[in-house]
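1. Here's a sequence, model it:
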Amino acid sequence: MSVTPALRASARSAYRDLLRASASTFLGDEPLQRGFRLKMRTETLFLNTLAQNDVKLVQEKIQLARQLATTLRKNVVQARRTQTKEGQDAWNLRFTEDTELGENDSIKNPPPVPSGRRARKLEKGEQSIELAAQHSVNTPRNFSALRRAHRERKIPELREKDIEESFVRGSGPGGQSINKTENNVQLLHKPTGFRVACQETRSLQTNRMLARRLLLEKACILNDHLILPA
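-> Residues are numbered from 1 along each chain as shown. Next up, the predicted model:
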């Protein structure tokens, strides 16, 4: 299907309308007008000889030209920098009959817009608050509440019959006393599946004690989510 004369006429009409919109929006700014028209003609709305016979591409360019013209008329205003009587910088805005304006209250009393640095701080603070709330909803916020929570805490009971203990050879620095002796204690708490390993010292008995302490600490941390046997 080839491009009909009516479609070509529609394309010329959309392009002329875009030129009129740019002339109205950029009134008095010849360099900007020339730059905008060159951009439209050579890049945004450009179609090579082959593409000029593609109906779909031509229709897309017509729609784009009309959208750009509407945007220029309604959403783009001209601003000129001036100075007040006090010598402060100010801007004069030129509105046309097609310019879309928001509510008067929003123009006269716009909401405060934080700077880039302040916006990042606010966003970071909100994320920190959200993460803290996810970790603990009822976290005590003062010393009295912390002391009361400490007194009322429930320490899980670990029974030896629920613990599976194994010993393996140590690894890492320490010489033969580490690498040739089974002083690495590994504990498995069968009801919960908790596993810990301890090789803090060369003494097997000390490592057994420390491994149980690690297992108890792990159970205390997750006590809010897992119920250990009494």
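
2. shaky segments in the protein?
-> Counting by pLDDT under 70, the chain contains low-confidence ranges at 1, 102-143, 146, 149-150, 153-156, 170-181, 220-230.

3. so where do the strands sit in it?
-> 78-83, 89-94, 163-168, 184-189, 194-198 (DSSP state E).

4. From residue 50, how far off is the residue lying closest to residue 8 once chain neighbours are set aside?
-> Counting by C-beta to C-beta, 6 or more residues apart in numbering, residue 8 lies nearest to residue 58, which is 7.8 Å off, once chain neighbours are set aside. Quick note: C-beta positions are derived from backbone N, CA and C, even for glycine. Per C-beta to C-beta, to the nearest Å, residue 58 is found 12 Å from residue 50.

5. more neighbours, these two?
-> residue 58 (19 against 8; other C-beta atoms under 10 Å).

6. Show me the helices in the chain, by range?
-> Taking DSSP state H, the helices of the chain run over residues 5-25, 30-39, 55-75, 104-108, 116-135, 143-152, 176-179, 204-221.

7. Residues in contact with the third one: which ones?
-> Helix 55-75 is touched from outside by 1-3, 7-8, 10-11, 14-15, 17-18, 20-22, 24-25, 40, 44-45, 47, 51-52, 96, 98-100, with contacts defined as C-beta atoms under 8 Å, 6 or more residues apart in numbering.

8. For ChimeraX, what selects the buried ones among the residues you listed?
-> In ChimeraX, this line selects whichever of the contacts of helix 55-75 come out buried by 16 or more other C-beta atoms under 10 Å:
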select :10,11,14,15,17,18,21,22,24,25,40,45
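
9. what about residue 26, distance to residue 192?
-> To residue 192, residue 26 is 72 Å away according to C-beta to C-beta.

10. contacting residues for residue 44?
-> 64, 68.

11. If we use 7 Å, what do you get?
-> With contacts defined as C-beta atoms under 7 Å, 6 or more residues apart in numbering, residue 44 has no neighbours.

12. how close does it get to residue 74?
-> Note on residue 44: its distance to residue 74, by C-beta to C-beta, is 19 Å.

13. Next: residue 190.
-> 72 Å.

14. Which of these two has more residues huddled nearby?
-> Neighbour comparison, residue 190 and residue 74: the larger count goes to residue 74, with 15 against 11 (by other C-beta under 10 Å).

15. still on that earlier bit, and residue 32, which of the strands of the chain is closest to it?
-> strand 78-83 (9.3 Å; C-beta to C-beta).
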